[in-house]
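Asks: Have a look; sequence and predicted model below, questions after that.
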Amino acid sequence: MKQIEGGITAAKGFQAAGVEAAVKYQNRKDMALIYSEVSCAAAGTFTTNVVKAAPVIWDKKIVEESPFAQAVVVNSGIANACTGKQGMDCCQAEAKCAGEALGIPAHSVLVASTGVIGMQIPLDRITKGIEKLAAAKAEGLEAGLDAAKAIMTTDTVPKQIAVEVELGGRTVTIGGMCKGSGMIHPNMCTMLGFLTTDAAISKEMLRKALRADVADSFNMISVDGDTSTNDTLLILANGLAGNVEITAEGEDFERFCEALHFVTVYLARKMAGDGEGATALFETKVMGAASKEDARTLAKSVICSSLTKAAIFGHDANWGRILCALGYSGAQFDPENVDLYFQSESGKIHIYGNGTACDYSEEEATKILSGPEVTVLVDMHMGEAEATAWGCDLSYDYVKINADYRS
């Protein structure tokens, strides 16, 4: 497996576009299209929030009931959430418009939205945007990057990646892009994430791979503890790589899952590190846990702790907040048998062990905590299970950004 340049257009047969439609924003790209030259097996995971945006409801139905998918239309600025019948009618109109513009069935068009909750999408603008997208769609790096930029809201950078892996003597490509900066606390999904692959894989196995993967990728990130109404992760597989179709578990399926996980972890880390107002990616690695579930629970508890996140922002080695977060996670352990370390590009330091603080230098700890990526290492000494979670520090700017988000 190797990482290559590009994103959602890296795999064979995929095209993309990003255009300005003025759905809410002015003078910036705010609509994106992903299109496959041939029909695709599709799978998705979605928000567990009881309040689900219209596009989530639409996509769940398409993924579960449609025999295939071939395009995704995305807008930023307005979430199309809590919009009633008008919101669902908008999804239907988008699919119909895209189907006519692309020459594909409406039931093969997935839609996604991100932005302010409660606003109605101006249908005339979004349909004109779809027509522009269909005309602009293209292969290549630039088209993929345009799409990645068009789905951004408070994101500061576009997020995309692509990898190649050999399956049955054929080169298979997996590409992806995502957006997410605030209201990030996924459950079986990410904020908005889109994956494309030219692998030949059955819908059943694609669904199995995606659902297993998110448990240790997108479900292990948090920026602010808020699970969005719009969380959506979609993957399209068009089979153009020409590998023997993956229809059961085996070596090819394992290699596909490995490559998929590399892509999703990369994107998950990019989202966590680009959290609203963030100055550092905050990673917690738990090792030696009694079970995989305990390891996940413990790691997620630390990166979700507002007090710990604030300490990371202040470069303060306040290890008591970390131990506290471990303690209220729900996992059972002996606190006197835990070791805590801080680590970054500046080094590694042992800060807690045998039930008390270690003899460490506060100055050295502050230097380590000042890096752009900070890791807390937690050794539970209870078993062999491990898990990693990703978040970001909590800065003054997070409140500033969210205090006037609608305006």
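Replies: Structure received.
Asks: Next, the buried residues of stretch 214-221.
Replies: Across stretch 214-221, burial judged by 16 or more other Cβ atoms under 10 Å covers 214, 216-221. To be clear about C-beta, it is placed using only N, CA and C from the backbone, and glycine gets the same treatment.
Asks: Can you say which helix or strand has the residue lying closest to Ala200 once chain neighbours are set aside in it?
Replies: Closest residue in space to Ala200, ignoring its immediate chain neighbours: Gly239 at 3.7 Å, by Cβ to Cβ, 6 or more residues apart in numbering. Counting by DSSP states H and E, there is no helix or strand that carries Gly239.
Asks: For the strand or helix carrying Met177, buried residues please.
Replies: Per DSSP H and E: Met177 is located in strand 170-179. Neighbour-count burial for strand 170-179 flags 172-179 (criterion: 16+ other Cβ under 10 Å).
Asks: Next, format these as TSV and append distance to Thr297 and pLDDT.
Replies: Formatted as TSV, these follow (distance: Cβ to Cβ, whole Å; pLDDT from 0 to 100):
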residue	distance to Thr297	pLDDT
Val172	34	98
Thr173	35	98
Ile174	29	98
Gly175	32	98
Gly176	27	98
Met177	30	98
Cys178	24	96
Lys179	27	95
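Asks: which stretches of this structure form helices?
Replies: Under the criterion DSSP state H, the chain contains helices at 54-65, 84-102, 123-136, 141-150, 203-213, 251-273, 292-304, 306-313, 319-327, 362-369, 396-403.
Asks: Among the ones you listed, which comes closest to Lys29?
Replies: Minimum separation from Lys29 across the helices of the chain (Cβ to Cβ) falls at helix 141-150, 3.9 Å.
Asks: could you check the angle helix 123-136 makes with the closest one?
Replies: For helix 141-150 against helix 123-136, the angle between stretch directions is 160 degrees (axes from the mean of the first three to the mean of the last three Cα atoms, to 10 degrees).
Asks: Not counting helix 141-150 itself, show me its contacts.
Replies: With Cβ atoms under 8 Å, 6 or more residues apart in numbering as the test, helix 141-150 has contacts from 5-10, 15-19, 29-34, 74, 76, 136-137, 158-160, 175, 177, 179.
Asks: same question, stretch 53-69
Replies: Stretch 53-69 has contacts (Cβ under 8 Å, 6+ apart) with 39-44, 46-47, 79-83, 87-88, 90-92, 95, 107-113, 117, 229-232, 234, 236.
Asks: Okay, now the unreliable bits of this structure?
Replies: Applying pLDDT under 70 to the chain picks out residues 190, 407.
Asks: What's the biggest strand in it, counting residues?
Replies: Counting by DSSP state E, the longest strand found in the chain is strand 31-46.
Asks: and that strand, which residues are buried?
Replies: 31-36, 39-46.
Asks: Partner strands of it and their direction?
Replies: strand 14-19 (antiparallel), strand 69-78 (antiparallel), strand 232-237 (antiparallel) (DSSP bridges).
Asks: just the ones you listed: most buried one?
Replies: strand 232-237 (a mean of 29; mean count of other Cβ atoms under 10 Å).
Asks: How much space separates the nearest residue to Gln343 once chain neighbours are set aside from Ala290?
Replies: Closest residue in space to Gln343, ignoring its immediate chain neighbours: Thr375 at 4.4 Å, by Cβ to Cβ, 6+ apart. In this view, Thr375 and Ala290 are 22 Å apart by Cβ to Cβ, to the nearest Å.
Asks: try Glu5
Replies: With distances taken as Cβ to Cβ, Glu5 is found 42 Å from Ala290.
Asks: likewise Val109?
Replies: Applying Cβ to Cβ to Val109 and Ala290 gives a distance of 46 Å.
Asks: Which of those two has more residues huddled nearby?
Replies: Neighbours were tallied for Val109 and for Ala290 using other Cβ atoms under 10 Å; the higher tally belongs to Val109 (29 against 17).
Asks: List the beta-bridge partners for the more buried one.
Replies: Applying DSSP bridges, one finds that Val109 bridges with Ala71.
Asks: Over to Gly391?
Replies: Phe282.
Asks: Enumerate every residue touching it.
Replies: Applying Cβ under 8 Å, 6+ apart, we find Gly391 in contact with 221-223, 272, 275, 281-284, 303-304, 309.
Asks: How much space separates the residue of the chain most remote from its centre from Thr366?
Replies: Farthest-out residue of the chain from its mean C-alpha position, per Cα atoms, centre = their mean: Asp359, at 38.8 Å. Between Asp359 and Thr366 the computed distance is 16 Å (Cβ to Cβ).
Asks: To what extent is the residue nearest to Ala200 buried, counted in neighbours?
Replies: 22.
Asks: Nearest spatial neighbour of Met271, chain-adjacent residues omitted?
Replies: Nearest non-adjacent residue to Met271, counting by Cβ to Cβ, 6+ apart: Gly180, 4.0 Å away.
Asks: ditto for Asp397
Replies: Gly277 (3.1 Å).
Asks: How about Met88?
Replies: Residue nearest to Met88 in three dimensions, not counting chain neighbours: Ala54, with 4.9 Å by Cβ to Cβ, 6+ apart.
Asks: ok, now how distant is the one you found from Ser228?
Replies: Distance from Ala54 to Ser228, by Cβ to Cβ: 14 Å.
Asks: Let's have the buried residues of strand 170-179 in JSON lines, adding distance to Ala143.
Replies: Formatted as JSON lines, the buried residues of strand 170-179 follow (distance: Cβ to Cβ, whole Å):
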{"residue": "Val172", "distance to Ala143": "21"}
{"residue": "Thr173", "distance to Ala143": "15"}
{"residue": "Ile174", "distance to Ala143": "18"}
{"residue": "Gly175", "distance to Ala143": "12"}
{"residue": "Gly176", "distance to Ala143": "15"}
{"residue": "Met177", "distance to Ala143": "11"}
{"residue": "Cys178", "distance to Ala143": "17"}
{"residue": "Lys179", "distance to Ala143": "17"}
